[in-house]
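> can't give you the sequence, but here's the structure:
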């Protein structure tokens, strides 16, 4: 064998090894799939669903298996939607809703529904109209939390076949048309005026009640004072009666004469009253008092 033939055969053998090595590397690269934590991969084999790859390193059959869909499992928010609804008392309202969801079974989502966002929006609109149609306007405003829970539960049931989990459903606002808003404003003003009148009437009533209580208290205190005065006077009379009964009439005359003397002393004690004109019986009273004192 010539040198040229040897070199040529050697090159052919090396080329085969090189091609084989390249093929092996390509197969490994084609068979290994590293899935991010926030995604799931849907794998098809010859056009049919084969498996769903979770986060981490995964292996597939090269050239037979193919990653057809890369689906994010992060929570998503639908754009805020506005839909009209009519309450049970025939009031037209505009309801703003927002829905949060995430895909938990990608194989259902990619093979059972084409436009997930549009499907959920339509479902939410129908449920909101149905629930509000059962309520009056006041109930819609007052029971918003109950309405939100009902919408979330029904949406979750409807989208279960799509491999979706509804995490939150929010009713952002309930708007009224201009005519209804004006009527409600008039009703609110009338209610405020009524409450103000009731408050004023209750205040006047309370004032009258307090004044009546004050008058009654004053009358009661005056009656107590009169009763105490009468009791004191009766007691004094009783004391005098006892003294007369014990000491005789002379004791009473003595007390009267003594009071007359004290009164005259008071008259003479004032300025410009050195001269006092007394009636004749006053001298007799003094004499009686002195005679009583001597008798004491």
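Sure thing, it's come through. Since the model is a prediction, treat every value here as computed from it, not as a measurement.
> Quick one: mean pLDDT over stretch 187-196.
Per-residue pLDDT over stretch 187-196 has a mean of 81.
> same thing with stretch 129-136?
Over the span of stretch 129-136, the pLDDT mean works out to 86.
> Show me what counts as buried in it.
Neighbour-count burial for stretch 129-136 flags 131, 132, 135 (criterion: 16 or more other C-beta atoms under 10 Å). Every residue, glycine included, has its C-beta placed from N, CA and C.
> Other residues contacting stretch 47-56?
Outside stretch 47-56, the residues within contact range by C-beta atoms under 8 Å, 6 or more residues apart in numbering are 33-44, 60, 65, 67, 106-107, 111.
> Who are the contact partners of residue 80?
Neighbour list for residue 80: 96, 97, 98, 172 [criterion: C-beta under 8 Å, 6+ apart].
> same thing but at 6 Å, please
96, 98 (C-beta atoms under 6 Å, 6 or more residues apart in numbering).
> what does residue 84 give?
With contacts defined as C-beta under 6 Å, 6+ apart, residue 84 is in contact with residue 94.
> Got the phi and psi for it?
Main-chain torsions, residue 84, degrees, to the nearest 10: phi -80, psi 150.
> Use 13 as the first number from now on
Right, with 13 as the first residue, what we last looked at is residue 96.
> what bridges to it?
Beta-bridge pairing of residue 96 under DSSP bridges involves residue 106.
> just to revisit the earlier point, closest one of the buried residues of stretch 141-148 to residue 37?
Distance to residue 37, by C-beta to C-beta, is smallest for residue 143 among those, at 59.4 Å.
> helices or strands up against the host helix or strand of that closest one?
Following DSSP states H and E, one finds residue 143 within helix 128-144. If you count contacts as 3 or more C-beta pairs under 6 Å, 6 or more residues apart in numbering; DSSP states H and E, helix 128-144 packs onto strand 93-98, strand 104-115, helix 156-170.
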